[in-house]
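Enquirer: Sequence and computational prediction follow.
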Amino acid sequence: MAKIGIIGAGSWGIALSVLLHNNGHTVTVWSALEKEIEMLNREHEQKEKLPGVKLPDDMCFTSDLQQAMDEKDILVLAVPSSFTRSTAHLMKAYAAQNQIIVNVAKGIEEATLMTLSQVIEDEIPQADVAVLSGPSHAEEVGRGIPTTIVVGAGTKKTAEYIQNVFMSDVFRVYISPDVLGIELGAALKNVVALAAGIADGLGYGDNTKAALITRGIAEIARLGIAMGGKFETFCGLSGIGDLIVTCASMHSRNRRAGILIGQGKTMNEAMDEVNMVVEGVFSAKAAMGLAKKYDIELPIIEQVNEVLFQNKSAAAAVKDLMIRDKKIEIISDEGWD
């Protein structure tokens, strides 16, 4: 059995700690927040972010980063994307050579346009960095509801090791070499989920949401392939799979924030009401930066940016999407006379 350190005690880190403990591994959970650690030690439950999921008595909770990292077979980095670099910077001093770090956050760093695995490698060059992603709400994983995800890693050996550690009868794990594609799908789907939520908040129906999901994955794949990701990845768990669950579920903080924006709330008001990190807000600007860098058209993501950061009304954004220049759906018109 493996020794695992969970770096980050939010809903996703805690849900994965339960899964890994149930798989028979020794789990230590770290948080930078002393009050959070006190609550976890006292209640054995993340009452604020994952209420109702009881944590085992023999699970260790600490604010000592070295204790959480020393002699661990795997470190699971589960902090919000906006804290990935600063946390990785702190981790560098305690990370062993070839330390396996599995990043489970979703996002793109706005300032550098790096994926999160690239950020971690930049801060901890001695690490063996992998990613875990897919349609996986913490609320369901923490309760043992069947879930399927994908692990991306630089070597098949590392991917298979992580697969064996995480896999169970309620958590099926696929592996892939396409780390970049997995991360892009994971980050960009949050922006499209904001759009889907906005449409819900405006009172639009299933037709509108289906259009946003299908045209949204087309945008994600178009950019991802231009950057070097694989088409199959965007058709898979971390692409269309994660997009569907994020756009359709009320567990999705991005969709919930979008609903509030569609109802007339500002971005900041929506984020305050959701009371959790809305990763799509942080990824939206970065997505447009990548679109400009690679000269890729992302009309849905562009309109989300205008609503979030330029005070454009949600209804006007939808109208502008509908009256864009006429397009052909597929790349080629071969087959017509």
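Expert: Everything's here; your move.
Enquirer: Every contact and neighbour count from this point should use C-alpha atoms.
Expert: Noted.
Enquirer: With residue 318 as the reference, measure out to residue 268.
Expert: Noted for residue 268: a distance of 21 Å to residue 318, by Cα to Cα, to the nearest Å.
Enquirer: My error: substitute residue 289 in the last question.
Expert: In terms of Cα to Cα, residue 289 sits 22 Å off from residue 318.
Enquirer: now residue 21
Expert: With Cα to Cα as the criterion, residue 21 and residue 318 are 45 Å apart.
Enquirer: So for residue 282, what's the pLDDT?
Expert: In the predicted model, residue 282 carries a pLDDT score of 88.
Enquirer: quick one: buried residues of the helix or strand containing it?
Expert: In this assignment (DSSP states H and E), residue 282 forms part of helix 279-294. Within helix 279-294, the residues that count as buried by 16 or more other Cα atoms under 10 Å are 279-291.
Enquirer: Also stretch 125-134?
Expert: Buried-residue list, stretch 125-134, by 16+ other Cα under 10 Å: 125, 127-134.
Enquirer: now the helices for the stretch 201-337 of the chain?
Expert: 206-227, 231-234, 242-248, 253-262, 267-274, 279-294, 299-309, 314-322 (DSSP state H, counting those that start in this stretch).
Enquirer: these two touch, right, residue 291 and residue 297?
Expert: Yes. Contact status for residue 291 versus residue 297: in contact at 6.5 Å, counting by Cα atoms under 8 Å.
Enquirer: Out of the helices of the stretch 201-337 of the chain, flag the one nearest residue 159.
Expert: The closest of those to residue 159 is helix 231-234. By Cα to Cα, the value is 15.6 Å.
Enquirer: what about dumping the CA coordinates of that closest one to CSV?
Expert: These are the backbone C-alpha positions of helix 231-234, laid out as CSV (Å, rounded to 0.1, in the frame of the first residue of the first chain):
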residue,chain,number,x,y,z
PHE,A,231,-8.3,14.9,-31.0
GLU,A,232,-9.3,11.7,-29.1
THR,A,233,-8.6,13.4,-25.8
PHE,A,234,-11.3,16.0,-26.5
